[in-house]
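[1] Pasting the sequence and the predicted model now:
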Amino acid sequence: MDDKLFAAIDQLQEEVFAYRPAGINAAFLALVDALEYWVNNVFRAEERPALNRLLELMLTAFDNKDYLLAADLAEYELRPMAAAARKRSADNVTVC
């Protein structure tokens, strides 16, 4: 399973708490890139509306330069959603 999403969330947290604007931008872009894999391969179709709403909130926070809110949404909303999807995917893997 691709762990880039979790690493991107960690990196975003680190950049926000250190308040490095250039690093925040790069970390947010890495998060969006990692999400592409997850949207196409891990999240279920029925999870996408909630995910889209969360991403809208994160983008609004980011546009408003409320980086702490964006990082908190990633940590406390996106991470649990992704962890549940990853666990479900792992539980559905069959060994031949």
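    Perfect, thanks for sending it. Residues are numbered from 1 along each chain as shown.

[2] what sits against residue 43?
    Shown in contact with residue 43 (Cβ atoms under 8 Å, 6 or more residues apart in numbering): 51, 81, 85. Glycine gets a C-beta too; all of them are placed from N, C-alpha and C.

[3] are any of those residues buried, and which?
    Buried members of those, scored by 16 or more other Cβ atoms under 10 Å, are 51, 85.

[4] which of the contacts of residue 43 lies closest to residue 59?
    Using Cβ to Cβ, residue 51 comes nearest to residue 59 of those, at 12.4 Å.

[5] so that closest one sits right up against residue 85, yeah?
    No: counting by Cβ atoms under 8 Å, residue 51 does not reach residue 85; the two are 9.3 Å apart.

[6] So what's the residue count around residue 28?
    By other Cβ atoms under 10 Å, the residues close to residue 28 number 22.

[7] CA atoms only for the helix or strand where it lies, dumped as CSV, please.
    Using DSSP states H and E, residue 28 sits within helix 21-41. C-alpha atoms of helix 21-41 as CSV (Å, rounded to 0.1, in the frame of the first residue of the first chain):
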residue,chain,number,x,y,z
PRO,A,21,5.7,29.0,3.9
ALA,A,22,7.7,27.5,1.0
GLY,A,23,7.7,24.2,2.7
ILE,A,24,4.0,24.4,3.4
ASN,A,25,3.3,24.9,-0.3
ALA,A,26,5.5,22.0,-1.3
ALA,A,27,4.0,19.7,1.4
PHE,A,28,0.5,20.6,0.3
LEU,A,29,1.3,19.8,-3.3
ALA,A,30,2.8,16.5,-2.2
LEU,A,31,-0.4,15.8,-0.3
VAL,A,32,-2.5,16.5,-3.3
ASP,A,33,-0.2,14.3,-5.5
ALA,A,34,-0.4,11.4,-3.0
LEU,A,35,-4.2,11.7,-2.8
GLU,A,36,-4.5,11.0,-6.6
TYR,A,37,-3.3,7.5,-6.0
TRP,A,38,-5.7,7.0,-3.1
VAL,A,39,-8.7,8.4,-4.9
ASN,A,40,-8.1,6.1,-7.8
ASN,A,41,-7.0,3.0,-5.9
